[in-house]
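A.B. asks: predicted coordinates and the sequence they were generated for:
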Amino acid sequence: MKIIIDTMLPREWFERLERHELVPDTCLAEANGDWQDAEVLTTNFYKPVRKELLDKLPNLKLVAQFGVGYDNIDVEECHRRGILVTNTPQPVIEPTAELCMALIMGIARRTAELDRGIRENAVQFGLLRNLGHSLYGKTLGIIGMGNIGRSVARRAIACGMKIVYHNRHRLDLQLDNLQFDNLEKEVIRQAEYVDMETLLRTADYVSLNLPYTKAVHHLIGERELKMMKPEAFLINTARGAHVDEKMLVKALREKWIAGAALDVYEHEPEISEELKDLDNVLLVPHIGTGTWEGRKAMCDAMTDNIIAYANNETDKMTTV
C-alpha cells in the first residue's frame, strides 16, 4: 500500500504506521507520475483535493484529512469515486477552545495593542489610561454549539459570562442519540438558545465556532455587523469565509463594533493589509489547533484512520 504524506510533519510521528508495515512516502510536490499507485493520501486545510488531483490518482482509496474541517476536499467527488474521506475531529476541540478564549481575553483587555505600545514607547501609565473591557457579567454569543462551541462555553461560564447560542438545532438533553458528559450537560442547561438576530443584537462577544459550507459563506456581512452592539467584539476561530472581510474592515474603521479577534481569514494565507493597519483587531496565523500536544494528537488520530482502513475496520474510522 502506497501512502503519500502530503503534509510536513515530524517523521517520528508516523512510527506506528511503520510498525504496522505501512511505510509512508513523503511527497510535497505537485501530483505527478510518482503518485499513480498511491492508495492513501494525507492532506490538510492548505492542500486542495479536487477533481484535477483525483484524476492523477487512479488507485486512491482513502483521503485522510489532518484536521476537522474538510472544505478543501471535494467530498462529493471522492464519494462518487468510492474514495473514503476521514478527518480528526476529537483532538482539535480543546486547543481551539483555548485559543478562542485567549482571543476573547486578548481583544477585551487590548493585550497585543498595549504590548506593541510599550515596545514603541507609546504607552503611558495611569488610572484612566489603557482601559479594556471585562468578561465577568457579559454575554457571549456562540454561533455553532458543536464540540468546540460547547468547550468555549464551558470556559466562558467559568469566567462568569452568560451564554446565548445559535445552532441549526436547539440542544436537547432528552435526545437519546446525543452523548454529553456532566460538564457539557451543565453548559447546555445554562446556555440559552436564541435566533441569530437576537444573538447579534444582545451579545457583547460573538464567537464563530461552526463548520464552513457554501450555505454559511459570508454569514457575517454588513447587515449582521450593523446589528451588533457598538461595544461588541467579533471572534472567529472557524473559517475566514464566514465573514465578509471587506465589510469587517469597514465596521472596524467606522466603529460599528468595538473590535475583532481573528485566527482565520477570507483569503488565507493572505491577510488584508487594511486589517493589519487597525489597532482594534487582534490577528493570529490560524493557530487554533497549534499546540505540540494538539498536533501530535491529530497525527495519532489520522494514523488511527489509516490503520483502521488497512485492517478493513471502517467502523473505527472517522469518515465524513
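C.D. replies: That came through fine. Residues are numbered from 1 along each chain as shown.
A.B. asks: how about Ala153, phi and psi?
C.D. replies: For Ala153, the backbone dihedrals (degrees, to the nearest 10) come out as phi -60, psi -40.
A.B. asks: touching, it and Gly146? I think so.
C.D. replies: No - look at Ala153 against Gly146 with Cβ atoms under 8 Å: they stay out of range, at 10.8 Å. For the C-beta atoms, the positions are set from N, CA and C on the backbone; glycine is no exception.
A.B. asks: which one's more surrounded, the two?
C.D. replies: Ala153 (27 against 17; other Cβ atoms under 10 Å).
A.B. asks: list the contacts for the more buried one?
C.D. replies: By Cβ atoms under 8 Å, 6 or more residues apart in numbering, the contact set of Ala153 is 140, 142, 145, 163, 165, 187, 191.
A.B. asks: got the contact list for the last one?
C.D. replies: Think Ala191. Ala191 sits next to 142, 145, 153, 163-165, 171 when contact means Cβ under 8 Å, 6+ apart.
A.B. asks: repeat that for 10 Å
C.D. replies: Counting by Cβ atoms under 10 Å, 6 or more residues apart in numbering, Ala191 touches 140, 142, 145, 149-150, 153-154, 156-157, 162-165, 167, 170-171.
A.B. asks: also the fifth one?
C.D. replies: Tyr165 makes contacts with 140-145, 149-150, 152-153, 171, 187-188, 191-194, 199, 203, 207, 209, as judged by Cβ under 10 Å, 6+ apart.
A.B. asks: ok, the residue nearest to Pro48 when sequence neighbours are not counted to Val85 distance?
C.D. replies: Using Cβ to Cβ, 6 or more residues apart in numbering and skipping residues adjacent in sequence, the residue nearest Pro48 is Asn72, 5.1 Å away. Per Cβ to Cβ, to the nearest Å, Asn72 is found 11 Å from Val85.
A.B. asks: what touches both of those two?
C.D. replies: Joint contacts of Asn72 and Val85 (Cβ under 10 Å, 6+ apart) are 43, 49, 65.
A.B. asks: follow-up on the earlier one: Asn72 and Val85: which is more packed in?
C.D. replies: Legend: neighbour count by other Cβ under 10 Å for Asn72 and Val85, higher for Val85 (22 against 17).
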